Structure formats: C-alpha cells, structure tokens
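**Student:** I need the structure of the sequence given here:
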Amino acid sequence: MQKNIILRTAAQDFYLEAMSNLTLEELLRTKRLPPNLFQGYLESKGEITPVPLHSRIDHAPLGSTIILQCVRNTDLRQVLPQKTYIKKTENPTTTYSSIEIGHDGCSQTIFEVNSDQAKGTVKNKIADFMETYSKQETVLVGISGGGDSNTLAESLKKLSKPNKRFIFYTIVFDPLWPQTAANRASELCNKIGEKHEIYDSSRIESLLSMKGELLCCYQEFLKTFGDNTDHFFGTYLISLVGRALCKRYETKEYILGFNREDLLAELLFSIMNGQSPLSFPVRKFGDTLLLMPLWEIPKLILDACYPKFSLSNYSERDKFSTFQRNIIYYLAHSIEDAYDNLGLSIMRGVNKLFEDNWAELSEDSDFDLYPSVYAEESKKLEIKMFLKKFFPPNQKRH
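**Tutor:** Purely as a prediction, here's the structure:
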C-alpha cells in the first residue's frame, strides 16, 4: 500500500512515491540523498513522533504521514539535478556523468561510452601526461593483463615520439599473478607490434640477484609478517622489479597503471592515519621516477576499453584483501559516487596543498628499500633482517 511520504526542506516540501517494503534509509539512497542529512518522523492524528531511518515504510500505521526532515538549511534543488540529459552512443559499455550548477538550477548529463571512445579518452590523457612529465628516451612499463594496463600499453604505442622507446613487461608469480594474465598482456603487445617481456620466478631471482627462491621468500614473508600481508609483498616486488629493470636498461623512469581510485584510496589511508601523503602523479625513489599517467582516469573508464580482458582478470583474483585495503577502496569509490568528480577534486586539491611537503621516502644504505618518514625504526630493522636472508647486502640495485 502506498504511504504518504513528505521530504521536507527549508525551501519546500517534496512528495515521494516508494515501494512500501523499503526502509526510510533505502528510500533516501534511491534519491541519492545522504541519510544522515535527514530525521524521520511519523505524523498521526495531530501527533508527531521521531522514528529511526531503518524503519520500514509499510510498518507505518494506516492513515499516518511519514516526514523526512532535512536537518540543514539546504535547498536541494541547487545541488541535485532537476533535469537529466543522456548522450547516447552505439554499443555502450559504461557511463560517466557531469553535473552543472548555475542560475538555471542543477542539471546532469549522462554520457554513454563505448570501447573506442574510452580508448580515445585514455589516449589523450596519457599523451598530455607524458608530454609534461616524461623526459627519458627509454621508459619501462609494467602491465598486468587487465583492462587498465592493456589500455596503457596501446595508448603509449600511439604516441608520436620517434626517439621514445617503451619496454613492456609483466611479472608472473602464481601465488599472486598467474601466467594467463601475462598471456593476455602478450596478446595485446603482439597486436600493437611491441616486444613484451615476461618475468617469472627464475628471471626475477636472476634480475634481483636473490640468494634463494622467490617462492620461499614469499612464504617466509607471510610467516614472518602475517598471512594477510601478501598485498604488501606484491607491491614491494613490483616496485623492486621496476627499478631493477630501469638500471638494466639505463633509464630513470618506469610506469605503473595506478588509476584514480587507486590513488584516492592511498590518499585516504594516509590522511586517516595522520600522515602526509606520498607524492603523485610522479613519485621519486632516489633518482628513479615512478610515473602514473592514469591517475586522473576512473577505473570504470579503463575497464570499458577492454571489458573482456578486465572480466578475465577479475575472475582470477581469488585472494581475500585485508580489512584496511577493503575499507579504503570502498571509501574511495563511495566518494566518487557521492558527487561527480568529488574524488578527483580532492586529489587535485591535495596535490596543490602538499606540492612541497609530500611524505619523504628515504633511500636505505643497504637494500633497495625506501621507507617513509613515518616508518618505525623497529619495523625497518625487522624488514632489513628479512631482506638480508634473500638479497645480497650492500648491493643496491638502484
């Protein structure tokens, strides 16, 4: 049965229709309204009673009126779209939207995007980034076989720089990254006419002059630091291989496919822990630079370029993430969903705010290790004692 529901603001009342099996909170979320901006009330026979938002609509007494009272003096018409326009395209795979605020009110345009359009957007962003930040003739590019990195490889190939050389590589290590992902990366590199190098365990062991096997290193790392630290091991290994390859090819730049939500999640983690963030979209490891040309681009746009590759990549991810990783990615995507490009606006603001005050990464004297200024001395010593078992001391690879 339909209930009378009034959404009340300082500017005016809005009369809502809703499925009666929803809660008041669920109803607000269907209207893209934050529930903590409202208090629920029941008006019946001249009496008004406050009710929590988890109350179901169909539990309200017959003849009563539900009031959702905005607790701020906010005119929602100025910040929520009163008109929505859809820009259609052929064979769309995803959408992005843009909100316009002005004297004529708030409106939203939803843009459908197909694979070719997504590739064009990414290509233009990467071209602008590389023109601004990349100075080396040779650049190493780590690709994983997913949608992000494959789009990155194809876009870099299309840059019209005769003296620019990109060397594409993929790491294969079965506990973390399967051979099938590398096969997809090779498929794309063959398609665009670029050489693709695959670094399996034996090649990584040789590249990094390891004392023992990579698998033993990984297993002992988990045993020493906890079963939920595989993500940290993987992140360090990716960085280690990238810098080692820079040394081998006598360059000082390497690229990884960090996208918008990746960096927003990292940024949120730093701020939530009272730390200055690490620099982006360029990060220094000594005299080696990590470039992040995808930093402004949402994950959905990247996946739209090669949706089948992305789907295959996700199907192979059978590892559970840590609580901290889960929550920061959830928050990063929630911020981007709350209001169009809110996350990107925050990132650009932080980039300006910390331009000369990023968290410092200091080079260790014994190993290819760059702890931040926030790392505890006892933890750094523990990490170095672990590395000593598998890597030659006093041999910095870069």
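
**Student:** pLDDT score for the residue nearest to Lys123 when sequence neighbours are not counted?
**Tutor:** Of all residues not flanking Lys123 in the chain, Ser155 sits nearest, at 4.3 Å (CB to CB, 6 or more residues apart in numbering). (C-beta placed from N, C-alpha, C; glycine too.) Per-residue pLDDT puts Ser155 at 89.

**Student:** which intervals of the stretch 251-398 of the chain have sub-threshold pLDDT?
**Tutor:** Flagging of the stretch 251-398 of the chain using pLDDT under 70 yields the residue ranges 317-321, 394-398.

**Student:** Over to the stretch 1-150 of the chain?
**Tutor:** In the predicted model of the stretch 1-150 of the chain, residues 1-3 satisfy pLDDT under 70.

**Student:** Just the strands from it, written as ranges.
**Tutor:** 4-8, 13-16, 38-44, 47-51, 65-70, 83-87, 94-102, 105-113, 138-142 (DSSP state E, counting those that start in this stretch).

**Student:** and these, which is most packed in?
**Tutor:** Among the strands of the stretch 1-150 of the chain, strand 138-142 has the highest mean neighbour count (mean count of other CB atoms under 10 Å), at a mean of 23.

**Student:** Which residues outside that one are in contact with it?
**Tutor:** By CB atoms under 8 Å, 6 or more residues apart in numbering, the list of residues contacting strand 138-142 from outside reads 149, 152-153, 156, 164-171, 238, 241-242, 245-246, 249-251, 253-257, 291.

**Student:** Pull the contacting residues for Asn341.
**Tutor:** So Asn341 contacts Ser98 (CB under 8 Å, 6+ apart).

**Student:** Any buried residues in the helix or strand encompassing Ser310, and which?
**Tutor:** For Ser310, the host element (DSSP states H and E) is helix 307-315. Residues of helix 307-315 classed as buried by neighbour count (16 or more other CB atoms under 10 Å): 309-310, 312-313.

**Student:** And these, which is closest to Asn351?
**Tutor:** Of all these, Asn351 sits closest to Ser310, with 27.3 Å by CB to CB.

**Student:** Just give the number of residues close to the nearest residue to that closest one once chain neighbours are set aside.
**Tutor:** Ranked by CB to CB, 6+ apart and with sequence neighbours excluded, the top spatial neighbour of Ser310 is Gly147, at 3.5 Å. When neighbours are counted by other CB atoms under 10 Å, Gly147 registers 29.

**Student:** how about Gly147, what does it touch?
**Tutor:** 302-307, 309-310, 313.

**Student:** Helices of this protein, start to end?
**Tutor:** For the chain, the helices defined by DSSP state H cover 24-30, 115-133, 147-157, 179-192, 201-207, 214-225, 230-248, 260-272, 299-305, 307-315, 323-338, 342-353, 377-390.

**Student:** quick one, which of these is nearest to Leu361?
**Tutor:** helix 230-248 (10.6 Å).

**Student:** buried residues in the closest one?
**Tutor:** Neighbour-count burial for helix 230-248 flags 230, 233-234, 236-246 (criterion: 16+ other CB under 10 Å).

**Student:** Asn326: which of the residues you listed is nearest?
**Tutor:** For the buried residues of helix 230-248, the nearest to Asn326 is Asp230 (14.1 Å; CB to CB).

**Student:** ok so, going back, adding distance to Ile110, write the buried residues of helix 307-315 out as CSV.
**Tutor:** Converted to CSV, these look like this (distance: CB to CB, whole Å):
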residue, distance to Ile110
Phe309, 25
Ser310, 21
Ser312, 28
Asn313, 26
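
**Student:** what about the strands of the stretch 1-150 of the chain, which gets the closest to Cys217?
**Tutor:** strand 138-142 (19.3 Å).

**Student:** Tell me, how many residues neighbour Tyr254?
**Tutor:** As a burial measure, Tyr254 scores 27 neighbours (other CB under 10 Å).

**Student:** who's in contact with the nearest residue in space to Ser270 that is not next to it in sequence?
**Tutor:** Using CB to CB, 6+ apart and skipping the chain neighbours, the partner closest in space to Ser270 is Pro277 (4.1 Å). By CB under 8 Å, 6+ apart, the contact list for Pro277 reads 266-267, 270-271, 350, 354, 358-359.

**Student:** Narrow these to those that are buried.
**Tutor:** Among those, those classed as buried by 16+ other CB under 10 Å are 266-267, 270, 350, 354, 358.

**Student:** now, which of those sits nearest Pro50?
**Tutor:** Checking these one by one against Pro50 (CB to CB), the nearest turns out to be Leu267, at 37.5 Å.

**Student:** Check the contact between that closest one and Gly349; I expect there is one.
**Tutor:** No. With contact defined as CB atoms under 8 Å, Leu267 does not count as touching Gly349 (10.4 Å).

**Student:** hey, what's in contact with both of these two?
**Tutor:** Here Leu267 and Gly349 have no joint contacts, going by CB under 8 Å, 6+ apart.
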